[in-house]
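*Asks:* Pasting the sequence and the predicted model now:
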Amino acid sequence: MTTRENQVHLGALLMLLGIALLAAMDASAKWMVLDNIHPLQLLAVRSVVIVIVLIVGYSIRNNLSELRPTRPWIQALRGTSGIIAPLSFFLSLKYLPLTDAVVVFFTSVFAITIISAYFLGERVGWHRWSAVILGYFGVAIAMAPTGSGAIAGYALVLVSSISYAGLFTSGRWLSETESVSSLVFSYNAGVGLIACCLLPFLWTSMNATEWVLLMLLSGFAVAGHFAITYAFSLAEASAIAPFEYTAIIWALLFDYYIWGSIPPLTTCAGAALIISSGLYVLHRENKNRQAGR
């Protein structure tokens, strides 16, 4: 086996690990949101932990300058507005099973395609446009809402996926001049700043168990993002990005074993259409990238 193949395999394993850790973070967030802990409280503590870990880690490596943004005002705007994505997703967990939220969130792949076409000038052919339309049709099937609460939850996840798509495409645009480290640091610093400013109005006292769970949530977030970042540094996105969909398997397991929830057939059918459409979008992007080379 060649060194390159070893890197791809290691990248795949790290991607699987990172997705599992982030799924555990989402399950922890759902547990706490259902326990009436406001999502902003979770985001404030999580962001502070991530920022501290980054500063300490890069200081030990004598590489603190990597966290410094080249375009601070644009990064600040991205970071502060970027709170919409995690806040909307965590809020949706109060109304939806984790599986439903994760399935609908994967529409961010389609939102990224739309934003890239209209704001980054990326050429998108009818193959990808067809996949985007089918993907959102899958959302309609997966939703099949039965009440106003469910509708609010699905709306929040869609807002989260669109916001995440904006974060992703802006990060791709900024990566021409900014390091990945500075993007991660500035984003979490911005989210933490907004969340901490609002915290005095929303703080709920927590017991020892909730504090432990919140620290675990923060640890899952740090470890998961580092694993995924390292995975993408080892292997091409086209080789490991499809492993993101294993998040649905983890969501199913958490829903079943923690909350005793089993998704209906409509959710499964919608998920199948969203996943297949998303994978086709990734396939076409990779094909176009290779043709461009």
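*Replies:* Nice, I can see it. Numbering: from 1, shown residues only.

*Asks:* following whichever strand or helix holds residue 51, which helix or strand comes up?
*Replies:* Secondary structure from DSSP states H and E places residue 51 in helix 39-60. Taking DSSP H and E as the definition, the helix or strand that follows helix 39-60 towards the C-terminus is helix 72-81.

*Asks:* Dump that next one to PDB, restricted to CA.
*Replies:* C-alpha atoms of helix 72-81 as PDB (Å, rounded to 0.1, in the frame of the first residue of the first chain):
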ATOM      1  CA  PRO A  72     -10.100  41.200  10.700                       C
ATOM      2  CA  TRP A  73     -13.200  43.200  10.000                       C
ATOM      3  CA  ILE A  74     -14.500  40.700   7.500                       C
ATOM      4  CA  GLN A  75     -13.600  37.800   9.800                       C
ATOM      5  CA  ALA A  76     -15.400  39.600  12.700                       C
ATOM      6  CA  LEU A  77     -18.500  40.000  10.600                       C
ATOM      7  CA  ARG A  78     -18.400  36.400   9.600                       C
ATOM      8  CA  GLY A  79     -17.900  35.300  13.200                       C
ATOM      9  CA  THR A  80     -20.700  37.400  14.800                       C
ATOM     10  CA  SER A  81     -23.300  36.600  12.100                       C
END
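
*Asks:* Mind listing what's buried along the following helix or strand past that helix?
*Replies:* Following helix 72-81 in sequence order, the next helix or strand is helix 84-92 (DSSP H and E). By 16 or more other CB atoms under 10 Å, the buried positions in helix 84-92 come out as 84, 85, 86, 87, 88, 89, 90, 91, 92. In this view, the C-beta of every residue, glycine as well, is placed from N, C-alpha and C.

*Asks:* Repeat that for stretch 22-42.
*Replies:* 22-33, 37-42.

*Asks:* Narrow those residues to those in helices?
*Replies:* 22-33, 39-42 (DSSP state H).

*Asks:* returning to that earlier point: show residues contacting the helix holding residue 51.
*Replies:* 29, 32-33, 64, 66-67, 83, 86-87, 90-91, 181, 184-185, 188-189, 191-192, 195-196, 198-199, 202-204, 214-215, 217-219, 221-222, 225 (CB atoms under 8 Å, 6 or more residues apart in numbering).

*Asks:* What residues of it count as buried?
*Replies:* Quick answer for helix 39-60 (16+ other CB under 10 Å): 39-51, 53-54, 58.

*Asks:* Endpoints of stretch 116-124, how far apart?
*Replies:* 9 Å (CA to CA, to the nearest Å).

*Asks:* quick one: that stretch to chain centroid distance?
*Replies:* Its chain's average C-alpha position is 22 Å from that of stretch 116-124, according to CA atoms, centre = their mean, to the nearest Å.

*Asks:* I'd like to know which of the buried residues of helix 39-60 is nearest to residue 115.
*Replies:* Taking CB to CB as the measure, residue 115 lies nearest residue 43 of the buried residues of helix 39-60, at 23.3 Å.

*Asks:* Find me the pLDDT at the spatially closest residue to residue 154 that is not a sequence neighbour, would you?
*Replies:* Leaving aside its chain neighbours, residue 154 sits nearest to residue 143 (5.0 Å; criterion: CB to CB, 6 or more residues apart in numbering). In this prediction, residue 143 carries a pLDDT score of 78.
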